[in-house]
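Student: Requesting a structural model of the entry that follows:
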Amino acid sequence: MSFTPQALILDVDGVLTDGAIYYSETGKVLKRFGPDDNDAIQILRPHLHVHVISGDKRGFPITKRRIDDMKLPLDLVSTLHRVDWIAERWPLDKVIYMGDGIFDAVVFRQVGYSIAPADADPIAKRFANHVTQRSGGNRAVAEACLHVLDMFFEPFDLFRYRESVTSEGEAV
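Tutor: Here you go, the predicted structure:
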């Protein structure tokens with residue numbers, strides 16, 4: 001495949017999270033984000049821009065708290081307007097998009113490459129270029145990041161990476 005991506009756009013609920021939202025009497029209070037996703041995103045970031053989007057207005061402050069910790073840009077983007085939002089920022093054919101919902105299939109048909117987690121809506125999975133083995137919020141993004149490295153850059157070598165990071169004096 002002759003495709004050099006410029007950006008990876010990640011949906012939040014159902015991709016970075018398991019999609020569950022916990023409510024109290026006062027409203028949304030918790031979302032469960034998956035382990036290892038941030039580590040894999042950081043490994044991928046030298047190769048392309050990573051951006052996070054969410055359509056969840058009421059849960060946005062919860063999402064923002066976690067995405068700020070990951071030091072990633074985050075925008076509130078309606079599921080119905082994602083293609084237009086992406087096209088205003090990057091050439092569509094240079095974007096990898098990871099989503100899980102019914103409307104994500106529309107995005108999948110417009111971008112250069114698309115990824116869905118294993119538990120995505122069947123419509124989304126049907127139009128995805130790649131479906132992970134893991135579910136959203138359960139290392140699906142980590143798996144997708146390693147897949148992107150393998151497909152479009154160079155396969156991730158854990159031991160070479162570890163040596164380069166430790167030789168620079170950074171914590172692993």
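
Student: which residue sits farthest out from the middle of this structure?
Tutor: Distance from the C-alpha centroid of the chain, by Cα atoms, centre = their mean, peaks at Glu25 (30.4 Å).

Student: and the gap between that one and Thr63?
Tutor: Glu25 sits 21 Å away from Thr63, going by Cβ to Cβ, to the nearest Å. C-beta coordinates here come from the backbone N, C-alpha and C atoms, glycine included.

Student: can you check Gly55 too?
Tutor: 10 Å.

Student: between these two, who's got more neighbours?
Tutor: Per other Cβ atoms under 10 Å, whichever of Gly55 and Thr63 has more neighbours is Thr63, with 22 against 18.

Student: Quick check: buried residues in the helix or strand hosting that one?
Tutor: Thr63 belongs to helix 60-69 when assigned by DSSP states H and E. Of all the residues in helix 60-69, those buried under the rule 16 or more other Cβ atoms under 10 Å are 60, 62-63, 66-67.

Student: Just give me the least confident of the residues you listed.
Tutor: The weakest per-residue confidence within these falls on Ile62 (88).

Student: What sits closest to Val95 if chain neighbours are left out?
Tutor: Distances taken as Cβ to Cβ, 6 or more residues apart in numbering place Val111 nearest to Val95, at 4.4 Å, with adjacent residues excluded.

Student: Give me the pLDDT value at the closest residue to Gly27 other than its chain neighbours.
Tutor: Here the nearest residue to Gly27 in space, its sequence neighbours aside, is Arg58; by Cβ to Cβ, 6+ apart that works out to 6.6 Å. Here the pLDDT value assigned to Arg58 is 87.

Student: How about Asp157?
Tutor: 80.

Student: ok, now the one 4 residues further on?
Tutor: In this prediction, Tyr161 carries a pLDDT score of 71.

Student: same deal with the one 3 residues further on?
Tutor: Predicted confidence (pLDDT) at Ser164: the value is 68.

Student: which residues of this protein fall in strands?
Tutor: Secondary structure of the chain by DSSP state E: the strands cover 7-11, 17-24, 27-33, 49-54, 74-76, 95-98, 113-116, 130-131.

Student: Just the residues contacting the third one, thanks.
Tutor: Defining contact as Cβ atoms under 8 Å, 6 or more residues apart in numbering, one finds that strand 27-33 is touched by 12-13, 16-18, 20-23, 58-59, 62-63, 66, 137.
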